[in-house]
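[1] The following comprises the amino acid sequence and a computationally predicted model.
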Amino acid sequence: MPATHKDSLSDIKIPGTKEHFLDPLSSKKGGLGRLRYLSGGTGPALVLLHTVRTQAEHFRHLIPLVQDRYTVYALDLPGMGYSEIVPGASYEEPAMREAVKSLITRLDLRDVTLLGESMGATLALTTAADLPERVRRVVAINAYDYAGGIKRSSLLARFVVTGALAPVVGETIASVQPKPIVGAVLRGGLGDKSALRDDYLDELLKVGRRPGYPVVARAVHGNLPSLIAARARYPEVKAPIHLIYGETDWSRPSDRQANKQLLPAAEFVQVPGAGHFIVLERPDVAAKVLNNAL
């Protein structure tokens, strides 16, 4: 059974949800470690997957819009949020996909809708390819599966990510998190800059101070090649797919067209004026897709 803590580790509370933990099945070196997730609501299962440098609270505005129709499970991906940081762990796409599959199979979730944003969108699609008997629908928002990624956001983002990945000094750069710089990098993924609330930014900075987090940050930023490679799995998905892109997302029209061609049966939506973090600035768009799918 999943372990539960009475008090949430996060300073952000989402009404109607509780915090839970899945303990690892083994102590194998470099394994998944302890996984944290939030759950609440009623109805069929909806698993929410966040993106780079974020956590389950990324969905704080979406969950209230759907929890009367779905039982929501918002996962902190390995090493992120308050999931355990395991020395030597992999943050490549297959390893993170195993964490998503572990949540679904250990809780014996069926008839699952998977919604992911950015990196989470790619994981939603590859998880659906691996678990066709459990996944009924996939909502993939601004899939993060193209060269460049966040470096396309701005010169500042390019400098920060390139520095964090640099040999020798990268871990030091990744550990330096001035609030104005982190805020500016994240706002580069928004059409509506005000959608990044100050309390959420504070929460992300708090998580970033966890011992070992700079190593995780470097590894996750460095896993982009594995996310690009994961596109090869997309055509294996049997469930209906909704592809959602922000008009000003970091992906180029050619990237979006490539996924449309790879998934010709998918429903495609482009959100005018929205950027990369649609769940933050336009949670109503995702909620409409989810609620109309029932």
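    Here it is on my side, so go on. Numbers count the residues shown, from 1 in each chain.
[2] quick one: pLDDT of Leu125?
    What the model reports as pLDDT for Leu125 is 98.
[3] quick one: it and Arg137 touch, right?
    No - assessed by Cβ atoms under 8 Å, Leu125 is found out of contact with Arg137, at 11.5 Å. All C-beta atoms are positioned from the backbone trio N, CA, C, and that covers glycine.
[4] Between these two, which contacts overlap?
    Taking Cβ atoms under 8 Å, 6 or more residues apart in numbering as the criterion, Leu125 and Arg137 both touch Ile241.
[5] With adjacent residues omitted, what lies nearest to the residue positioned nearest the centre of the chain?
    Residue closest to the average C-alpha location in the chain (Cα atoms, centre = their mean): His50, at 1.8 Å. Among residues not flanking His50 along the chain, His58 sits closest, at 4.2 Å (Cβ to Cβ, 6 or more residues apart in numbering).
[6] Quick check: the gap between that neighbour and Ala239.
    Computed with Cβ to Cβ, to the nearest Å, the distance linking His58 and Ala239 is 23 Å.
[7] Have a look at these two and say which one is more surrounded.
    Shown here are His58 and Ala239; by other Cβ atoms under 10 Å, His58 has more neighbours (26 against 18).
[8] rewinding a little: please compare Leu125 and Arg137 by neighbour count and tell me which comes out ahead.
    More crowded of Leu125 and Arg137, by other Cβ under 10 Å: Leu125, with 31 against 21.
[9] Relative to Asp145, how far out is that one?
    According to Cβ to Cβ, Leu125 and Asp145 sit 9 Å apart.
[10] The residue nearest to the centre of the chain: what's it in contact with?
    Counting by Cβ under 8 Å, 6+ apart, His50 touches 56, 58-59, 74-77, 80-81, 116-117, 119-120.
[11] start to end distance for stretch 48-63?
    Its first and final residues considered, stretch 48-63 spans 9 Å by Cα to Cα, to the nearest Å.
[12] Give me the distance from that stretch to the chain's centre.
    Distance, stretch centre to chain centre, for stretch 48-63: 6 Å (Cα atoms, centre = their mean, to the nearest Å).
[13] now swap in stretch 242-253 and tell me
    Centre-to-centre, stretch 242-253 and its host chain are 16 Å apart (Cα atoms, centre = their mean).
[14] Identify all contacting residues around that stretch.
    In contact with stretch 242-253 (Cβ under 8 Å, 6+ apart) are residues 137-143, 146, 148-150, 152-153, 189, 191, 256, 259-260, 263, 266-276, 278, 282, 285-286, 289, 293.
[15] Just the buried ones from those residues?
    For these, a burial check counting by 16 or more other Cβ atoms under 10 Å picks out 137-143, 146, 149-150, 152-153, 189, 191, 256, 259, 263, 266, 269, 271, 274-276, 278, 282, 285-286, 289, 293.
[16] From the contact counts, what lies against the helix ranked longest in the chain?
    Scanning the chain for the helix with the most residues, using DSSP state H, yields helix 93-106. In terms of contacts (3 or more Cβ pairs under 8 Å, 6 or more residues apart in numbering; DSSP states H and E), helix 93-106 is packed against strand 17-22, strand 35-41, strand 45-49, strand 71-75, helix 119-130, helix 224-229.
[17] Which strands or helices does the first one pack on?
    The criterion is 3+ Cβ pairs under 8 Å, 6+ apart, and the helices and strands that strand 17-22 contacts are strand 3-4, strand 35-41, helix 93-106.
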